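Trainee: Pasting the sequence and the predicted coordinates here, then a few questions.
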Amino acid sequence: MIETLQALIADFGAFAVAIGCLLEGETSILLGVFGAHRGWLSLESVIVAATVATIIGDNLCFHIGRRMGRPALDRRPGWQPKIARVERLLESYGAPVMIGFRFLYGLRYVTPFLLGSLGVSPLRFFVLATIGTLLWVGTVTFVGVQLAGAIEHALAHIQDVEKILAAVVLVGAGLGLAIYWMRRNVTAQR
């Protein structure tokens with residue numbers, strides 16, 4: 001698995017992180033940070049790619065919502081509970097929701113679309129969503145850096161465990177074979 005990940009990062013680098021952030025988010029950043037920890041790309045390129053792609057994706061959703069408006073949202077019955085939740089959050093908290101929607105799992109794609117359809121100023125959205133993106137990318141990157149060291153440590157131990165397990169299997173197989181031969185010889189002598 002490590003070799004496959006290394007190959008993907010080596011082939012596509014920060015571009016893969018950027019595409020991943022357009023589609024998903026945290027997983028792409030975490031994989032990018034792990035790749036940076038392994039030396040396959042730079043941490044700075046992961047941060048820049050994640051930030052730029054996230055800002056582009058959020059603003060694209062915002063402007064699609066602005067263009068298509070509320071009727072487009074009303075045609076998506078599966079989104080209605082999420083829309084209602086975002087609207088309640090916006091009524092209660094306003095700007096902090098525009099900054100922190102990236103941290104609201106399950107609402108991060110609906111929120112920019114909804115904000116666009118509600119007529120929020122594009123400049124206001126851009127500024128607040130960019131602040132939120134910087135906080136989000138920074139947080140996920142920080143967590144990733146902490147996890148990368150732990151994962152690296154775990155992988156080193158897994159390799160040690162694999163060696164021990166292989167030795168145990170070989171010894172067990174040798175003992176099993178020895179017992180088989182001893183029983184066979186005892187049975188043959190009778």
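Mentor: On my side now, so go ahead.

Trainee: got the CA positions of stretch 46-63 in PDB?
Mentor: Provided in PDB are the C-alpha atoms of stretch 46-63 (Å, rounded to 0.1, in the frame of the first residue of the first chain):
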ATOM      1  CA  VAL A  46       0.200  20.300   0.300                       C
ATOM      2  CA  ILE A  47      -1.000  23.400   2.200                       C
ATOM      3  CA  VAL A  48      -1.100  25.600  -0.900                       C
ATOM      4  CA  ALA A  49      -2.800  23.000  -3.000                       C
ATOM      5  CA  ALA A  50      -5.400  22.300  -0.300                       C
ATOM      6  CA  THR A  51      -6.100  26.000   0.300                       C
ATOM      7  CA  VAL A  52      -6.400  27.000  -3.300                       C
ATOM      8  CA  ALA A  53      -8.600  24.100  -4.300                       C
ATOM      9  CA  THR A  54     -10.900  24.500  -1.300                       C
ATOM     10  CA  ILE A  55     -11.300  28.200  -2.000                       C
ATOM     11  CA  ILE A  56     -12.000  27.500  -5.700                       C
ATOM     12  CA  GLY A  57     -14.500  24.700  -4.800                       C
ATOM     13  CA  ASP A  58     -16.400  26.800  -2.200                       C
ATOM     14  CA  ASN A  59     -16.600  29.800  -4.500                       C
ATOM     15  CA  LEU A  60     -17.700  27.700  -7.400                       C
ATOM     16  CA  CYS A  61     -20.600  26.200  -5.200                       C
ATOM     17  CA  PHE A  62     -21.400  29.700  -4.000                       C
ATOM     18  CA  HIS A  63     -21.700  31.100  -7.500                       C
END
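
Trainee: now it, how far from the chain's geometric center?
Mentor: Distance of stretch 46-63 from the chain centroid (CA atoms, centre = their mean, to the nearest Å) equals 15 Å.

Trainee: Give me the residues contacting that stretch.
Mentor: 14-15, 17-22, 25, 28-29, 32-33, 35-36, 102, 109, 112-113, 115-116, 120, 122, 125-126, 129-130, 133-134, 136-138, 140-141 (CB atoms under 8 Å, 6 or more residues apart in numbering). Every residue, glycine included, has its C-beta placed from N, CA and C.

Trainee: One more: stretch 78-89?
Mentor: Contacts of stretch 78-89 with the rest of the structure, by CB under 8 Å, 6+ apart, involve 73, 97, 101, 104, 106-107, 110-111, 114.

Trainee: can you tell me the average pLDDT over that stretch?
Mentor: For stretch 78-89, mean pLDDT rounds to 78.

Trainee: which parts of it are buried?
Mentor: Buried residues in stretch 78-89, counting neighbours by 16 or more other CB atoms under 10 Å, are found at 79, 82-83, 86, 89.

Trainee: ok, so of those, who is nearest residue 168?
Mentor: residue 82 (51.2 Å; CB to CB).
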